[in-house]
Each structure stands twice: as C-alpha cells, then as structure tokens.
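> Task: produce atomic coordinates for the following.
(chains A, B, C and D, ligands or ions: 2)
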Amino acid sequence: MRARVLVRPKAGILDPQGQAVERALPALGFDGVANVHVGRLIELDVEDPARLPEMCERLLSNPLVEEYEIVEGSS
Amino acid sequence: MRARVLVRPKAGILDPQGQAVERALPALGFDGVANVHVGRLIELDVEDPARLPEMCERLLSNPLVEEYEIVEGSS
Amino acid sequence: MTFGVVRFPGSCDDVDAVLAAERVGEAVMLWHGERDLQGVDAVIIPGGFSYGDYLRPGAIARFSPVMEAVSEFAGDGGLVLGICNGFQVLCEAGLLPGALLANVSLRFVCRQVELEVMSEYSPFTRACPLGEPLSIPVKHMSGRYYRPEQGLADTQILLRYLPGHNPNGSDHDIAGVSNAAGNVFGLMPHPEHAVDPLMGSSDGLWIFESIRAHLADRVVA
Amino acid sequence: MPSSPHRYRELGLTESEYELILVLLGRHPGDVELAMLSLMWSEHCSYKHSKRLLRRLPTEGPHVLMGPGENAGAVDIGDGLAVAFKVESHNHPSAVEPFQGAATGVGGILRDVFAVGARPIAILDSLRFGEPASSERSRYLLERAVEGIGHYGNSIGVPTVGGEIYFDQSYEQNCLVNAMCLGLVPHERLIRSAAVGPGNVLVLLGALTGRDGIGGASVLASAEFGIDGVDGVADKRPSVQIGDPFTEKKLLECCLELLDRDLLAALQDLGAAGLTSASSEMAAKGGLGLDIDVARVPLREPGMEPFEIMVSESQERMLCVVTPDLLGAVAAVCERWEVLCTEVGSVTDTGRLRVLDGSAIVGDMPVAVLVDECPMYDLDPEPPLEELYPPPAAVLRGGETARDLLIALLASPNLASRRPVFEQYDSIVGSRTVRRPDEADAAVLRLPDGGALAISIDGNGRRVACDPRAGAAEAVYECSANLACVGAEPLGLTNCLNFGNPEKAHVAWQLTEAIEGLARACEALGVPVVGGNVSLYNEAPDGPILPTPVVGMVGRLPDVSRAGRMGFVRDGDAIAIVGPFAPSLNGSEVAKLRGAAPAGGLPVMEPQAVRDAHAQVRDAVRSGALSSAHDIAEGGLAVALAECCIAGGIGARLKVRIEGGVQELFGEAPGRAFVVSGSEEALTGLGRIIGRVGGTDLVIPGALQVAVSELRAIRDAGLVQYASSPVWSE
Ligand SMILES: Nc1ncnc2c1ncn2[C@@H]1O[C@H](COP(=O)(O)OP(=O)(O)O)[C@@H](O)[C@H]1O
Ligand SMILES: [Mg+2]
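Numbers count the residues shown, from 1 in each chain, chains lettered A, B, ... in the order given. Ligands and ions are numbered 1, 2, ... in the order given. Purely as a prediction, here's the structure:
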C-alpha cells in the first residue's frame, strides 16, 4: 500500500525555513500568506501499514522536535 | 485558508534521500518497504488559494526537478 | 591509551580525528558494521555526513551495529566524544539530550569561533586553561542546538560560544553538552582541526589532552 | 534498423560529418551507433575546433608524470608522491539548474582525479556571472551555484580551499562554473585509463543508470515510447543530473582501496556521454576493442532503450578493467563500501566497440571512427574591427577623490570580500590546509614530508578582451605570482578555455591569441600544461562572453612553517614594492567602474624581469625574511595596500608621494609586482621601500587616509548585499 508521512516541526520550535518562505513570498508579489511551516514528506510502499507509527517514531521523525502525520492509501 | 503543498522529486529524477531511507529501513527490521521518496512539506495560511500554483512554480518547488501537489483546506 | 574513531559511510573527519588523537595517544578506526570496539579506552564519533545526512543528520547512522556497542560502552561509563556529525548521531541515539537543527542562516558555515569552557572538572575539559577562551573552527549546516525543556542541567553545558560567536542560532549559545553522567560529550566545533598552530590554533588539543589525563588518573586509581 | 537520415541534424552532426560517417562505416549507422557518434563527434568530446590549437601548449617538464590525454595531469612532488589535478567547466548545466549543475561539476572533476588513482585533497572554483547589482538572475545563480559547490565538496569531505568570482554583463546569459580538483597519489598507485588484456572483464562501479542528461539524444526515442509515455516524453527523460555526494564518497573510497590492493588494470570515470565516451576512450587508448552488454547495466528506471543506456550521464559511476581471477576480490571490496559492481562486458582485440543488448548486437563500430576520425577544423581568426563589448554602466561619475575611488573599488562586486562565499565551503577537512581563503594569495596544503603544496586559480576576462594574448599570459603570471607570495615554485598548470562561438572569426581570433599567450607565458616561466578543458559556444544573441581562459597552477614549497601570508603583521615593518611596476588603466577595475569598455593595450611584460621578481619574492618568503607578501592585481597598488592592512588588522603609512595619481594608485599590471613587508634590512636590495606598517589607518600622503576598520567594513559589505538569503537548507 502507498503511504505518505508528513513530518513538521513541533509547535514552538523555531522554523527558519518557514520564516524564509514567509519572507520570500511577499517579495515575489504574493501577499496574504501567513503561518508558513516547512517540513518533510516521505512517500513509500509498505506491506504492513501497522508498522508505520513505529517507523515514524524511530527513523522518519525526531519526536523531540518534530511531529508526524500518516496518510494511508494515498496516490 | 490553511493549505498544504507537497513537493517531491519528479518521476525519473534521482532521489538520493529516498534511496538512503529505503536502504536503511530493512536494517532496522522494517521489511516490505519500497519506492521510498523524500520530499518537502509546506503548510501555510493563504488568503487567495488561486495563487498557490504560481507560488509553487516560482518558489515552493523547483519545476525542473520537482513536482508539487496542492492539498487545500487541510488541518 | 587508545582512542577508537568510528568510521561510517560518509564520515569525513575520521582521519583528522585519528591524527589529532594520536597527538596524545594511540588511535584505531572502528568500522560501522562491526560491534567489536577492540578494547579501546575512549570512542570518538567523528564529523562528516554519515549516510549523506539524508533524512536528518545522524538519523540513519545511529542504527549501525557499532552504535549498539558504543551505547553499551557509554552505559558502562566509557568516554564517548561526538564531534559535529558525531554530536548529531549521539543526540539521535539518545545518548545526549537535545537535537541539532538547521542553522538559522540556512547556510553551511565554516568559521573559526571563540568558545567559553563552562566546567573545569569534566573529563573532556579538565585540562583546558582556566578562564581562557578556546579558538576552534566550526563547519556545519545543522548545528543549532535545541535545548529540551527537561533533561539538560546547566552543569551539562560544557562549551558555549562567546558573545558574537554563535554561528548557528543555538539556544543559550550552547556549543557542547554532556550526558547527565558526564561520560558522553558532543560538540559542534571541531577540536581535531585545532591541534597545531600551523592550522590556526592548537586549542582543540586541550579536549584530547583532558581525555588522556582523565583516563590516566583512572588507571592509577 | 538504420537510423532515419534526417535525425543526424537534430543530433548536431553536419551533413558532411554524416557523409563521412557513411563512408567510414560503409553503411547507415543504427540508432545506438548514431547516438554514440553524435556525442563522440560533439565539440565537448572531440575538441574538433580546439584540438589543433591546443598542440601549441607546452606539455613537457621535468616533473610531469602524466600530461594532457589522461583524466587528470600529474606531476612529481618528491617523496614518492605525485599531485594530479585538472580544471573543468560545467557552465551550461549550471545555467539550467545552478545548484545541481555546480554540484555535479564538482562531482565530475573529483572523479577525473580519483580516476588516475589520486585521493582528492582540494577543490577550487572559478565563477563568472552577470552584474549582481542589476540582475536578479545573476544573484540567484551566484547563490545557488555556491550552495551546490559547497553541498558536494562539504559532503564528500574534500576541502574547497580557494577560487575566484568575477561579475560582468557579458556573462548574464552564460554564467561560468569551472571547478578544479587536486589529488595526492603515491607514484605506484597512478593508473591510466587504457584498456588492457583481451579477455579481461569490463566492470561498472557505482550508481544505477537512469535517464539523466540524455537531453538531445532523446530524438532517438522509438515512436512507441513517445506515445505510451504517460507523463509525456519530457518527463520520461529528465536531463537535469542530480548529484549524490554520499554515493561518490563511497565510490571514491572503494576505488582507492581497489587500487591500493592492486586489483584494477584500468580505471576511467563516466562523465559527458557516459558509457559511450568512457568505453571508447579506454579502448582507443589501449588500441583494443570492447564488448558492452547494455542488458547487464543496472538501471534506475524500467524500459530504458539501449541508446539511452549508452549515452546516459548518470553521475557517480566508474568503469574499470579487471582480470578474471581478481573479480571476486573486487566484488568483496565493493560490497564492503556498499558500491554496486557489475560485469558489463569484456576487452577484445578487435579494435571495435560492440554494443550488445543480451544476444542482439545493437552497435558495432571501429573504435577509431568514434575517437580519431572526427574531422578536426581549422579556425579562421580575424581580429574584430570594432569593439566587441559594450561599455558597462558607469558607477563613478568622475571627479572622485582617491579616497572615493579606493572605497568604491573595495565595495565593488569584483573586489569585495569573498567571505560570504568561502564561509559556505569547508576549507579545512583533511587537516592539510595551512592557508585558508583570505590568509594568503594561494591556498597552502601541508605535505607529509614537511613541505607543502600551493594552489592558485586565476583569469581576468576583461583584460583578455583588451588583448587576448597579453591577457591570457597575465593569468599565468598572476598564478605564478600568487605562488611566489607563499614561497612556492610552480610545478605545472591546468586551464579551462571558456570562449564564445569559435566559428565566428573574432572569437576564433580571441581563442588563438589566448592560447598563444598561455603558451608563451608557460615557456617563459618553464611551467608545463598537464591538462585542462575547453568550453566553447558561450554566446548569447547579443554576443560572446568575455574571452575567459582560467588558469589553475600548482606549486611546491620546501618548508610549510615558512608559508607566506598576505597581511601586514608587525608594527614598524618597512613596506616595499618588488618587481617591475608600470600600471595602466586599460582593462582595470577603475576603468570598469567609470564605464569604460574592456579595450586598449595592456602594459608590456618583460618576461625575464617578471620571472626574476617572482624568484626574488619566493626566495625571500622561503628564507623567512618577510612578514608578508601580496601581489598587486585588480585595483592596483592602493587596493593591494588596503588588502594587506585589512588582512593584518593594522595600518600603513607611505612615506613617498605616489606620482601619477589615479594611474599609479589604481592602474593595473597583474602578475608582475608585489607589496611586501619586513625589516628594513630584509627589504633593502629586494625592492623599493615606500613606507611603514603601523597605526590604525592607511595613509598615502597627498592622496588618502582611511581607517582600516572602515576599509574592512566596506569590503565586507560588498558582496553580502547581493546574497539573496536562501529559502531551503539542502
Ligand atoms: N585547454 C586544455 N589544455 C590542455 N589540455 C586540455 C585542454 N582541454 C582539454 N585538455 C585535455 O584533453 C583531454 C580530454 O578532456 P576532457 O574531455 O575534459 O576529459 P574528461 O572527459 O576526462 O573530462 C583531457 O586529458 C584534458 O586534460
Ligand atoms: Mg574523465
């Protein structure tokens, strides 16, 4: 099954990439953008989706500073 | 409106990160994983979602090597 | 006394660490795929880009067989020094508190920085001249230390960037921390690249000298 | 299936070239053959417009172990060691995708160096972009190219120890990204690329093969594919190559271990034209033949056609020849380094390159047709009648004081501090670097025997535009002067010739004259050319780039502890000018800031006098008698003095009045003269004493007085203002 893991910085953790994007967009004429956060996208085929949370905890994200979200059965 | 942009390496373009993760997982006892790709996740509040594609083309993704997917109204 | 320097695929400063360690003792390379630490007295996890730094710096390396042995070694009180990527690996492995995030500048930075030594008792800094700043280079892309709410006592902060020298936006100018037991130490600056005046500074030698002195005492005791 | 006749044009072959192919083969080439021929006969692989000219360059020398023809040249540095080095361009890929283009440029030159068995120990980069003040694109290219170079070099653990960057309108459409790599190798580990021993096995090492960089050749895609290609042919054929320094790091360590264990008979990197070029070159150099089975090549994507596999430019791959009895040992080393290792063919004595797809033969040509038979063209050089390059926008309006000029120069993109760039490069990994950027005019790397290597890369297109012959020679002299400043004697040089379209008479003239200038300067200094690269057709609708020969020179100094520095250090030291110094404003940075086109003659060069000056400074540095040495280059004497003050954090006061004003202070005559400091005794007889080190200001009586702190601040700010802050951390 195709699965998708979204990893984003935890609330309260400084996210310079998000800030950089937020700064860059108006400069390009895109206004009305706020709360930009940049994270990681991992897409993979897994035989046993039940093991995804464990994979996220142990490898795909760093629980101390990141939170993850699993989206199953995507494209 | 909250929107989500998923940026991933274009099909056929080398994805060293994806390869590295794919090779690492079995070593951690996670078998049955394939086609791993690692990309970028951008989440943002945007007043005019109609402009998202343009933002993706010009800043959020590099159209030469990446493709993007816009998921609106998320979280 | 013998240092063991771990070599991962993608380690870059492994040879440099060996050369530096050899100025105060012996040194051997330890291969990532093997669990045998060859009875070394101290372990160095060197700088570089283990596994290409893909996913997150240190995220993949921490799972290599040698790291199991290193964890045991640390558990038994053995001295473990993590430099730059090695620091990242030790944090990912949970042997050190906190995490290392992308530099605020989002740029790689290679620069000589001035450091304040916070403890004269640690096995990793005891030989450092009292009250003297150390001049040691940093070179990294992800060196911004994130200090966890709990789990890091001030006494575990062994190195700080002097005012105006913080190259990456680290919390509290933290440049190096130890575990609670004090036998595992990670730092972003590269002491192995400051062991000879010809290379700009020899202040980094104090770190290696401290380890040597500590182990020498232990043998006597 | 014979290739449909019209295709050769889309592949860049001319009618007459295709006709020659018909004669040589006695038939129409098949698709795979046509793809291979079109690449091997391309300018990039065949040097058809430059090879004859390159013969003019002197390549012999007492230290030369490998000259042009191998992947990298090599010179003896004593102690059983050799240094291998080469500079190569990656201009076009960098213009398309600056981060990956520059990164793979570094990856490619690294492979050229370890292809001869050397461990890469240093990288240098030479960059050219349009004007950062007026061009957002140029700022973007600068930002991303620098990140790409850092990404690859930093990740693979090879220090980037030096380089140069210039900005000029003419590079707006054609930026230049040249990368130089230098490697260390024990003589016995030096290996060539010539295939040997019919019956030996051809082994492919490293990354999977994908549709990278196929670009032009994709017109050969079989019709069916184009149709069923769901996301369209374009998507199926990415031509942007992605660099993977992690894979190359493993490949590098693996290759060096294979050589240490003496397991390889020949080694060749895969660069432009991938397997096609690598296999033809190996076969040609060995005077043998090769069979390659594309069905055995491990692929990254399904459904790749034989021609795609043969021309793919996927990075991080090497081709080697192994004797059958050693295959097991080779596989074992590769497994340890997690490097893919595949038998893809064998060496034959047929003198033919045969391409098989399993049992089917899809290509079979004499190697000579691929490598030697490509027609070589003579150029018809014509000096241009009117000026080729429009004057730049004037930054100075005239009437400035000397102080104003100095400040404007230090703030200008071409002279401002490069710190914002070189701080993004790891310049110290490897524990050899004893002179980092900004500490001396050449990078210095210590050697095991207590000596050191010195490296410098240089080229000034504006001056070459003024006078291609003299300007190209100046690049050689300036490199040699940079080496002298740290006490090093030149051993050899490499060069990259970046020019416009050689089929145009005036570009042909620039190229011919520049090569003549290089050759004469090399002869005058006794420095052999051991390798290089040519990048032509760097031309936009509104004209060619400035003629830009880039010279990379390597030298040696006996005692690393005496390596020279650029900055003034000791209060009270005397300051002297050494060497013939008759500057002119033509082609100078001041002239550029004043809006003058690069035109007018350059000051004459007395080779013997210059050579003597270099030797004097070199010997003085080696003897330890000097506190500092710095050559007078862009910005002339005033800027040279300012740089010495800034580097040392101390002032200087000239006691002589500088006659001649602007020309004397800011005029340029690079590669000839030096500003040195040291005790009065040390400098007497060495040069003309002009002042003293000391105080907090740079003082030139009757001309200017500026605080060193102010000079530094201005010079530091120069480039920073153009550095668009990055959005992603790679
Ligand atoms: N400007 C030059 N001066 C001297 N040698 C050159 C020059 N340009 C190319 N060469 C030599 O021609 C050979 C082929 O160059 P190139 O195609 O760049 O090699 P590679 O394919 O290994 O990168 C190399 O040995 C190179 O050193
Ligand atoms: Mg090559």
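> so does the host helix or strand of residue D:532 get close to ligand 1?
Assigned by DSSP states H and E, residue D:532 belongs to strand D:529-535. Yes. With Cβ under 6 Å from any ligand atom as the criterion, ligand 1 is reached by strand D:529-535 at D:529, D:531, D:532, D:533, D:534. Yep, even glycine has a C-beta here, placed from its N, CA and C like the rest.
> Isn't residue A:28 up against residue B:59?
Yes. With contact defined as Cβ atoms under 8 Å, residue A:28 counts as touching residue B:59 (6.1 Å).
> Settle it for me: which of the two has more neighbours?
Neighbour count, other Cβ atoms under 10 Å in any protein chain shown: between residue A:28 and residue B:59, residue B:59 has more, with 18 against 11.
> Surely residue C:113 is within a strand?
Yes. With DSSP: H, G, I helix; E, B strand; the rest coil as the criterion, residue C:113 is part of a strand.
> what does chain D put close to ligand 1?
Residues of chain D lying close to ligand 1 (Cβ under 6 Å from any ligand atom) are D:54, D:57, D:68-71, D:86, D:88, D:112, D:271, D:495, D:497, D:529, D:531-534.
> now those residues: which count as buried?
By neighbour count, with 16 or more other Cβ atoms under 10 Å in any protein chain shown, these hold D:54, D:57, D:68, D:70-71, D:86, D:88, D:112, D:271, D:495, D:497, D:529, D:531-534 as buried.
> near ligand 2 too, which of these?
Applying Cβ under 5 Å from the ion to these, one finds that D:71, D:112, D:271 fall near ligand 2.
> And the last one, how close does it get to residue D:15?
In this structure, residue D:271 lies at 29 Å from residue D:15, with Cβ to Cβ, to the nearest Å as the measure.
> now the second one
Using Cβ to Cβ, one gets 34 Å for the distance from residue D:112 to residue D:15.
> For residue C:63, which non-adjacent residue is spatially closest?
Sequence neighbours aside, residue B:28 is the residue nearest to residue C:63 in space, at 5.3 Å (criterion: Cβ to Cβ, 6 or more residues apart in numbering or on different chains).
> Ok, residue C:123 next?
Excluding its sequence neighbours, the residue lying closest to residue C:123 (Cβ to Cβ, 6+ apart) is residue C:214, at 3.7 Å.
> Does the one you found touch residue C:81 like I think?
No. Under the criterion of Cβ under 8 Å, residue C:214 makes no contact with residue C:81, lying 11.3 Å away.
> which neighbours do the two share?
Common neighbours of residue C:214 and residue C:81, counting by Cβ atoms under 8 Å, 6 or more residues apart in numbering or on different chains, are residue C:124.
> mind checking pLDDT for residue 14?
No chain was given, so I picked chain A. Note on residue A:14: pLDDT of 93.
> wrong one, chain C
Note on residue C:14: pLDDT of 98.
> now do the one 3 residues further on
The predicted structure scores residue C:17 at 98 on the pLDDT scale.
> ok so, going back, and the furthest pair within the buried ones among the residues of chain D next to ligand 1?
Using Cβ to Cβ, those reach their maximum pairwise distance at D:57 and D:271, which is 21.4 Å.
> Check which helices and strands the one helix or strand in chain C whose mean pLDDT sits lowest sits against.
Least confident helix or strand, chain C: helix C:205-220 with a mean of 91, by mean pLDDT, DSSP states H and E. Judged by 3 or more Cβ pairs under 8 Å, 6 or more residues apart in numbering or on different chains; DSSP states H and E, the packing partners of helix C:205-220 are helix C:14-21, strand C:79-83.
> among these, which is the most enclosed?
Here the criterion is mean neighbour count by mean count of other Cβ atoms under 10 Å in any protein chain shown, and of those the winner is strand C:79-83, at a mean of 28.
> Show me the shaky parts of chain A.
A:74-75 (pLDDT under 70).
> so does the lengthiest helix in it get close to chain D?
Across chain A, the longest stretch assigned as helix under DSSP state H is helix A:16-27. Yes. Using Cβ under 8 Å from any Cβ of the partner chain, we find that helix A:16-27 touches chain D at A:16, A:17, A:20, A:21, A:23, A:24.
> and that helix, which residues are buried?
For helix A:16-27, the neighbour count (16+ other Cβ under 10 Å) marks A:16, A:17, A:18, A:19, A:20, A:21, A:22, A:24, A:25 as buried.
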